[in-house]
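Novice: What would the 3D arrangement of this be:
(one chain, ligands or ions: 1)
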Amino acid sequence: MLYSQVIPERCIACGLCQLKAPDLFDYDQEGIAFFKPDHNQGTTPIEDPKERIAFKTAYTACPTGAIVRQSTPFSS
Ligand code: F3S
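Specialist: Numbers count the residues shown, from 1 in each chain. Prediction:
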């Protein structure tokens, strides 16, 4: 399984993740990204193959390493 979160302290609001994976990433009022499917809890797996590809593109594009991933759910 694939789970993701955005570490807000690392996000510089560059906008690339939302451009690359609009179903997976969105922004708060200050432009800081969050993982959209579960409001950045990191407990909802990315299962759809197309979304997994979109995720990989966004993950790779993020200039600050703000997007993190792991194979088990994040504990909030
Ligand atoms: Fe922030 Fe990285 Fe997205 S800097 S806006 S999490 S691509």
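
Novice: got a pLDDT number for the residue nearest the centre of the chain?
Specialist: What sits nearest the mean C-alpha location of the chain, by CA atoms, centre = their mean, is residue 35, with 4.3 Å. On pLDDT, residue 35 comes in at 98.

Novice: Thought residue 42 was touching it, still the case?
Specialist: Yes. The pair residue 35 and residue 42 qualifies as a contact (CB atoms under 8 Å) at a distance of 6.3 Å. Glycine gets a C-beta too; all of them are placed from N, C-alpha and C.

Novice: joint contacts of those two?
Specialist: Common contact partners of residue 35 and residue 42 (CB atoms under 8 Å, 6 or more residues apart in numbering): 4, 5.

Novice: and the helix or strand harbouring residue 54, what does it pack onto?
Specialist: Assigned by DSSP states H and E, residue 54 belongs to helix 49-61. Where contact means 3 or more CB pairs under 8 Å, 6 or more residues apart in numbering; DSSP states H and E, helix 49-61 is packed against helix 16-20, strand 67-70.

Novice: can you rerun that using 10 Å?
Specialist: Packing partners of helix 49-61 (3 or more CB pairs under 10 Å, 6 or more residues apart in numbering; DSSP states H and E): strand 3-6, helix 16-20, strand 25-27, strand 67-70.

Novice: What are the buried residues along that helix?
Specialist: Within helix 49-61, the residues that count as buried by 16 or more other CB atoms under 10 Å are 51, 54, 55, 58, 59.

Novice: Name the nearest residue to the second one, ignoring sequence neighbours.
Specialist: Of all residues not flanking residue 54 in the chain, residue 21 sits nearest, at 3.8 Å (CB to CB, 6 or more residues apart in numbering).

Novice: I'm done for today, thanks for sticking with me.
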